[in-house]
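Enquirer: for reference, the sequence and a predicted model appear below.
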Amino acid sequence: MKIKNFFSHFELLEGVHFINCATRGPFSKAVVQAGITSIEQFTPSIHTIKPEDFFEGAWRVRELFGTLVKADKERIAIVPSVSYAMAIVARNLHRKPGLKAGHHVLLMEDEFPSDVYAWERVCQELSLETKTVPMPQGEVIGEEWNARFLEAINENTALVVVPHVHWQYGIRFDLEKISQRAKEKGALLVVDGTQSVGALDFDVEKIQPDMLVSAAYKWLMGPYGMGLAYFGAFFDDGIPLEESWMARQDSHLFYKLTEYQPDYRPKAYRYNVGEHSHFIQMPMLEVALKEKLEWGCETIQAHCKELWEKPIRQLSEKGVRFEPDNVRAHHLVGVRLPHATDTLQIQRALQQRKVIVAARGQGIRVSPHLYNTPEDMQALVDTLLDVL
């Protein structure tokens, strides 16, 4: 499939430069049609729904996501949000071998709130602390931030919580090194892949996280209110947030549901959110994941890198700062504006010209995808050059 034809796969308005997939990924036409078909067929066919229909669509989605991140489908759970998956980790943190009062949860500065709030209660209950690695100050920060984060993992680290790509600044963290260091020190590793999975290659076999979660509505380009999470062996005998009937053995045998089962289905199944069948949304997510696998993360990164070549050259001459390629994702770039720049004023000027990006932190976050064109990026550059 040629990159130049991807715009036709989406129902995006002509004249609107939507470079903001990190806020909300648009549905492709195929995903929209999957939702329409599900709605249209649901009521007329409601009498044909069988017990296996409650399970099979979700299994297909688990398998597709497992293929995307190179993981066993039985270790994938359907979750409603990142915060839900983080709450499962918090619920099971007391089970970590060797956990002691005074140990800490290690976080990144300026992390997304769902990755921060999850630990407040459990830290109080278990007499743990949170430790935050601040963002370095300087023209380029990615390498130094990676180095500081690695250095902060020590014998008192109970849990490492890290993004693959920082949601504001687009800095890519070396998860293989972080994972190795965490394992050396006996810490659990939790990765928020919401701003990377689906656009940047993620390999569970190489990184070996204890938990990986990704919301579905950004780079997976699926429905809001859904997400997918991988749970490693630490969680195999863990405690779920809910006691869903679907999580138990033989739950597909509806005629035996009152023969209550003490045993869960194996691996990550116990962590599925209740009523996870999602008869309307699940087919949409299934199509979205098939498209991600067809397009390939390498294609997305290559296209976005090409889109950025000229803008980075033009904007750097005006004092706009970018991280070097080796620590930056191409699909999500934090554009750090010159000091004393009014970021919200910049965003308003961009909106007036129908250039849709997001004001985040010390600059603006620009997140292109395959549907974006050089014309979209030039509209961004022209507006910034005018305002700056």
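Expert: Yes, it's here.

Enquirer: can you pull out the strands in this structure?
Expert: Taking DSSP state E as the criterion, the chain contains strands spanning 17-18, 76-79, 104-108, 129-133, 157-163, 188-192, 211-215, 227-231, 333-336, 355-356, 358-360, 363-366.

Enquirer: for the protein, give me the ranges with low pLDDT.
Expert: For the chain, applying pLDDT under 70 flags the ranges 1-5, 361-362.

Enquirer: ok, and the closest non-adjacent residue to Lys305?
Expert: Nearest residue to Lys305, sequence neighbours excluded (CB to CB, 6 or more residues apart in numbering): His330, at 4.3 Å. For every residue, glycine as well, the C-beta is placed using N, CA and C.

Enquirer: skipping its backbone neighbours, what lies nearest the residue nearest to the spatial centre of the chain in space?
Expert: Compute the mean C-alpha point of the chain, and by CA atoms, centre = their mean the closest residue is Thr194, 0.8 Å away. Computed as CB to CB, 6+ apart, the closest residue to Thr194 that is not its neighbour in sequence is Ala215, at 4.6 Å.

Enquirer: please apply the same query to Ala118.
Expert: Met86 (3.7 Å).

Enquirer: ok, residues contacting the lengthiest helix in the chain?
Expert: Using DSSP state H, we find that the single longest helix of the chain is helix 297-316. Outside helix 297-316, the residues that touch it by CB atoms under 8 Å, 6 or more residues apart in numbering are 3, 198-201, 322, 325, 329-331, 333, 335, 368-370, 372-374, 376-378, 380-381, 384-385.

Enquirer: can you say which of the residues you listed are buried?
Expert: Buried residues within the contacts of helix 297-316, counting neighbours by 16 or more other CB atoms under 10 Å: 3, 198-201, 322, 329-331, 333, 335, 368-370, 372-373, 376-378, 380-381, 384.

Enquirer: can you redo the strands of the chain as TSV with distance to Gln345?
Expert: Shown next, in TSV, are the strands of the chain (distance: least, CB to CB, whole Å):
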stretch	distance to Gln345
strand 17-18	18
strand 76-79	38
strand 104-108	28
strand 129-133	30
strand 157-163	28
strand 188-192	30
strand 211-215	30
strand 227-231	34
strand 333-336	14
strand 355-356	14
strand 358-360	10
strand 363-366	11
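
Enquirer: what's the closest of the ones you listed to Met282?
Expert: Closest approach to Met282 among the strands of the chain is made by strand 76-79 (8.2 Å; CB to CB).

Enquirer: pull out the buried positions in that closest one.
Expert: Result for strand 76-79 [16+ other CB under 10 Å]: buried residues Ile76, Ala77, Ile78, Val79.

Enquirer: which strands or helices does it pack on?
Expert: Counting contacts by 3 or more CB pairs under 8 Å, 6 or more residues apart in numbering; DSSP states H and E, strand 76-79 is packed against helix 53-69, helix 82-92, strand 227-231.

Enquirer: try it again at 6 Å.
Expert: Applying 3 or more CB pairs under 6 Å, 6 or more residues apart in numbering; DSSP states H and E, one finds that strand 76-79 contacts helix 53-69, strand 227-231.

Enquirer: deepest-packed of these, please.
Expert: strand 227-231 (a mean of 28; mean count of other CB atoms under 10 Å).

Enquirer: and that strand, how far from the chain's centre?
Expert: Chain-centre distance of strand 227-231: 10 Å, with CA atoms, centre = their mean, to the nearest Å.

Enquirer: report the angle between that strand and helix 53-69.
Expert: 70 degrees (axes from the mean of the first three to the mean of the last three CA atoms, to 10 degrees).

Enquirer: who does strand 227-231 touch, helix- and strand-wise?
Expert: Partner elements for strand 227-231 (3+ CB pairs under 6 Å, 6+ apart): strand 76-79, strand 211-215.
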